[in-house]
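Undergrad: can't give you the sequence, but here's the structure:
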């Protein structure tokens, strides 16, 4: 790694604490609270009620925030009372009073879930409301101060094309699930652009720095630059307006959003303005990107220019968006510091935090803890202690990002006393697979509270959403007083209640199928399954693997129960989606059977057998395409058209479509992060993955015919040339993929069972 560093006097913590900006730095996580008045939060709740409750029932719900909501910030941090009041004609009014808008919204959702068997998800609302509304007298309190939400990567894998309507619905969902500490990173490039222009950079220099919309998270974390860019003026204007809308709604409901801090990642051209500045050149995991897209510049936090630039950017952000005093900063995401010397690491932490305090004396640093797991060889106890103790106690919040599988608080001595949040990270790249860690979700947060008094919250940190909703519903309840939530005896009872909410009272067989999944697919027992081990969307080779922790019979049993239940549930949209998702999972878990037979046939020179298994495998992919085409959420066209819809010019339209397509396929110019964000979507399966597999089988057949060994390198180069790069080119995507579903999933799933169940060996 190239380093350019001038000699500098080390910053000592004692010196930092003596600085003027640090005199009031005792402000910590305990003092973070909603800025909006109690009355304003009550008014915002009326909008949430109108957007989410059927009109004929709205008058029977009364939501408000207690008038003294700001008077006590001690425990319990979140509290809500839910009481029914009798009305004439035997009806009830449900009166919900919280100590914040979020608490009241959580109370509403709890009542809907457990007293009316209704459900509001990311993209579905299913109500079972009838008069009289069930009587209730209940108080719920939060177990911790914070319920955190989002991952830096979610803004690339799920949100890049979202508009105000999408965000309004999603922020409502956050409030209904008790989330009060969401990450909010939209619009930061527009703010930085103005600062860089003021510093003397040109438009061209700035354009060559920012990535395209689908890759912004990794530009923000300093992993890459320029790929998929540039960002247009209309993008910047749109993102500023959108961030205002997002923050206004979050704050009005009593949330305290986390805004971007400054980590030191800057355009190359800033070195023209500050030729003597100390900096480091970072490279992301040696993934094969050229220096045009990586070799990013990280200002040395100990150099005074770091603070000068950082304060300008943070001040500009505050002037534009305001602040709730929570700031994210991750200078070393999947990239190690320049030195492992504890003194250096401590100085870096001190310098980053002092920059925050210079801009906001009440600042609290929020740090993703992913690096502590991802780079354990670097972040040993000594190095972690140096960073974590470089900031005053309570002014740094660690997100134990993947705590349900890889909790780092245990390894790192409870983060040396710094407060942390216990998170569930169950999705990487927005991939699609039935997956969960039920046992860890149910037991992990409680165990952490017992073990670590500095645990201050729970959270959800998926890289992508819209998969495995049941796990998010479950984890969202882990931050509240479970004894008051429901009378479940065990997790299977909870899944039974979830089934009633999702499918209605006649959900018996589907409920049984859910419980089967609870015991198998949703209770992962192997480590490091990151949803990337699905064979059909993995580059074919002679040793491609497919990992599962359950048997194919488990999925087949659940699918058979769902199909049997379909006569009575076929018109329920949530059931249709789950039936399609389960049918999808069955087919992708069956596919390795034919792949392995094809590879065995090749290895033994059995041409006819190779041909038969190739034909069967591709036929299965054709049926997978049919399943996926029945659901709007499983259509490639939905993703691509959402990207194109927000464009203002033909050039933007082409660029945004390329961004959307490249991210889910090659993820880079030549497959640098190939298939990381793979999706099993209609259109993508038939026009991309099936063609890639057909090319692979053709190469195997040709190798046998010519008596030559199969060459993975030659195959890969032909894939890139004929399928990989052309698929996302402007010329290739003149094809308009469907945006409306086609086919009846109930009929198709029955056909799937009849056709493929016999291949499951006893």
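TA: Perfect, I can see it now. In this text, all values refer to a predicted model and were calculated from it rather than measured experimentally.
Undergrad: now the strands for the stretch 351-500 of the chain?
TA: With DSSP state E, counting those that start in this stretch as the definition, the stretch 351-500 of the chain shows strands at residue ranges 364-368, 396-400, 420-424, 455-460.
Undergrad: so which of these gets nearest residue 215?
TA: Set against residue 215 and scored by CB to CB, the strands of the stretch 351-500 of the chain come closest in strand 364-368, at 17.8 Å. Bear in mind the C-beta positions are built from the backbone N, C-alpha and C, glycine included.
Undergrad: remind me, longest helix of the protein?
TA: Ranked by residue count and defined by DSSP state H, the top helix of the chain is helix 573-603.
Undergrad: before we move on, the earlier item: now mean neighbour count and mean pLDDT too, for the strands of the stretch 351-500 of the chain, in JSON lines please.
TA: Putting these into JSON lines (neighbours: other CB atoms under 10 Å; pLDDT from 0 to 100) gives the following:
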{"stretch": "strand 364-368", "mean neighbour count": "24", "mean pLDDT": "97"}
{"stretch": "strand 396-400", "mean neighbour count": "27", "mean pLDDT": "98"}
{"stretch": "strand 420-424", "mean neighbour count": "28", "mean pLDDT": "98"}
{"stretch": "strand 455-460", "mean neighbour count": "26", "mean pLDDT": "98"}
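Undergrad: out of the ones you listed, flag the one nearest residue 176.
TA: Minimum separation from residue 176 across the strands of the stretch 351-500 of the chain (CB to CB) falls at strand 455-460, 13.3 Å.
Undergrad: tell me what angle that closest one forms with strand 396-400.
TA: Going by axes from the mean of the first three to the mean of the last three CA atoms, to 10 degrees, strand 455-460 is angled at 50 degrees with respect to strand 396-400.
Undergrad: low-confidence regions, this structure specifically.
TA: Judged by pLDDT under 70, the chain has its weakly predicted residues at 1-27, 72-76, 482-489, 530-532, 730-734.
Undergrad: now do 80
TA: 1-27, 71-76, 482-489, 528-533, 730-735, 762 (pLDDT under 80).
Undergrad: how about JSON lines for the strands of the stretch 351-500 of the chain, with distance to residue 298 added?
TA: Converted to JSON lines, the strands of the stretch 351-500 of the chain look like this (distance: least, CB to CB, whole Å):
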{"stretch": "strand 364-368", "distance to residue 298": "16"}
{"stretch": "strand 396-400", "distance to residue 298": "20"}
{"stretch": "strand 420-424", "distance to residue 298": "25"}
{"stretch": "strand 455-460", "distance to residue 298": "27"}
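Undergrad: follow-up on the earlier one: now the helix or strand just after the longest helix of the chain: buried residues?
TA: Note on helix 573-603: by DSSP states H and E, the next helix or strand toward the C-terminus is helix 607-628. Within helix 607-628, the residues that count as buried by 16 or more other CB atoms under 10 Å are 610, 613-614, 616-617, 620-621, 623-628.
Undergrad: name the helices or strands packed onto helix 607-628?
TA: The elements that helix 607-628 packs onto, with contact taken as 3 or more CB pairs under 8 Å, 6 or more residues apart in numbering; DSSP states H and E, are helix 573-603, helix 690-706, helix 745-756.
Undergrad: make a markdown table out of these and add distance to residue 268 and mean neighbour count.
TA: Supplementary listing: the helices and strands packed on helix 607-628 in a markdown table, determined by distance: least, CB to CB, whole Å; neighbours: other CB atoms under 10 Å:
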| stretch | distance to residue 268 | mean neighbour count |
| --- | --- | --- |
| helix 573-603 | 43 | 21 |
| helix 690-706 | 36 | 17 |
| helix 745-756 | 51 | 18 |
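Undergrad: among the ones you listed, which is nearest residue 653?
TA: Taking CB to CB as the criterion, residue 653 comes closest to helix 690-706 out of the helices and strands packed on helix 607-628, the separation being 24.8 Å.
Undergrad: chain center to that closest one, what's the gap?
TA: If you compare the mean C-alpha spot of helix 690-706 with that of the full chain, they lie 36 Å apart, counting by CA atoms, centre = their mean, to the nearest Å.
Undergrad: how big is the angle separating it from helix 607-628?
TA: Here helix 690-706 runs at 180 degrees with respect to helix 607-628, directions being taken by the same axes, to 10 degrees.
Undergrad: and the next helix or strand past helix 690-706?
TA: The C-terminal neighbour of helix 690-706 among helices and strands, as given by DSSP H and E, is helix 712-719.
Undergrad: next, count neighbours for residue 742.
TA: Each residue near residue 742 was counted by other CB atoms under 10 Å, and the total is 11.
Undergrad: which of the three states applies to it?
TA: For residue 742, the reduced secondary structure class is coil; criterion used: DSSP: H, G, I helix; E, B strand; the rest coil.
Undergrad: okay, now residue 684: neighbour count?
TA: Residue 684 is flanked by 26 other residues according to other CB under 10 Å.
Undergrad: now residue 386: how far from residue 365?
TA: The span separating residue 386 from residue 365 equals 15 Å under the rule CB to CB, to the nearest Å.
Undergrad: buried residues in stretch 35-42?
TA: Taking 16+ other CB under 10 Å as the basis for neighbour counts, the residues of stretch 35-42 that come out buried are 35, 36, 38, 40, 41, 42.
Undergrad: I'd assumed residue 252 was in contact with the fourth one.
TA: Yes. Between residue 40 and residue 252 a contact is recorded at 6.1 Å, counting by CB atoms under 8 Å.
Undergrad: who touches the closest residue to residue 58 other than its chain neighbours in this structure?
TA: What sits nearest to residue 58 in space, not counting adjacent residues and going by CB to CB, 6 or more residues apart in numbering, is residue 49, at 5.8 Å. With contact taken as CB atoms under 8 Å, 6 or more residues apart in numbering, residue 49 is in contact with 58, 61, 63, 108.
Undergrad: let me see the backbone angles for residue 49.
TA: For residue 49, the backbone dihedrals are phi -60, psi -40 (criterion: degrees, to the nearest 10).
Undergrad: what do you get for residue 101?
TA: When quoted as degrees, to the nearest 10, the phi and psi of residue 101 stand at phi -60, psi -40.
Undergrad: that one: what's it in contact with?
TA: Residues in contact with residue 101, defined by CB under 8 Å, 6+ apart, are 34, 36, 41-42, 44-45, 48, 65, 175, 252-255.
Undergrad: can you list these in CSV and add secondary structure?
TA: Shown next, in CSV, are these (three-state DSSP):
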residue, secondary structure
34, coil
36, coil
41, helix
42, helix
44, helix
45, helix
48, helix
65, strand
175, helix
252, helix
253, coil
254, coil
255, coil
